[in-house]
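>>> Build me a model from this:
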Amino acid sequence: MTNDSPGSSGLRVPQEEQQHVDRVYGRLDELRAAYRRSLAEVRRQGPSGSPQNRSERDAFAAHYADTLARLDQVENKLVFGRLDTR
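Below is the predicted model:
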């Protein structure tokens with residue numbers, strides 16, 4: 001295979017597989033950035049407003065923080081390996 005590049009383990013990784021892994025981790029980075037922005041925006045809202053508004057703001061903040069934590073936890077588990085059956 002002429003389009004292979006060495007992987008971190010020293011094995012040859014086909015270019016299309018590496019591109020897929022790069023896209024997956026790129027998308028993970030995009031999602032984390034979007035949730036960080038959303039969380040920061042919700043946190044910038046002051047404590048003003050009706051009790052319902054404050055409750056909704058707090059619920060959104062908790063949702064964004066929880067989702068961001070889950071996205072951070074999958075960093076090392078998103079792509080776990082490759083199976084060669086040859």
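
>>> What lies in contact with stretch 71-86?
Stretch 71-86 has contacts (Cβ atoms under 8 Å, 6 or more residues apart in numbering) with 13, 17, 21, 24-25, 28, 31-32, 35. Glycine gets a C-beta too; all of them are placed from N, C-alpha and C.

>>> chain center to the longest helix belonging to the chain: distance?
Counting residues, the longest helix found in the chain (DSSP state H) is helix 15-44. Centroid separation for helix 15-44 versus its chain: 4 Å, with Cα atoms, centre = their mean, to the nearest Å.

>>> Quick one: residues contacting residue 65.
Residue 65 neighbours (Cβ under 8 Å, 6+ apart): residue 39.

>>> if we can go back for a sec, any chance of CSV for the contacts of stretch 71-86, columns pLDDT?
Conversion of these to CSV gives the following (pLDDT from 0 to 100):
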residue, pLDDT
13, 69
17, 86
21, 89
24, 93
25, 94
28, 96
31, 97
32, 97
35, 98
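
>>> and which of those is nearest residue 46?
Nearest to residue 46 out of those is residue 35 (Cβ to Cβ; 21.1 Å).

>>> which residues does that closest one contact?
64, 67-68, 71.

>>> what's the most distant pair in the residues you listed?
64 and 71 (10.5 Å).

>>> Leaving out the residues flanking it, which one is nearest to residue 67?
Nearest residue to residue 67 in three dimensions, chain neighbours excluded: residue 35, at 5.4 Å (Cβ to Cβ, 6 or more residues apart in numbering).

>>> Thank you kindly, that will do.
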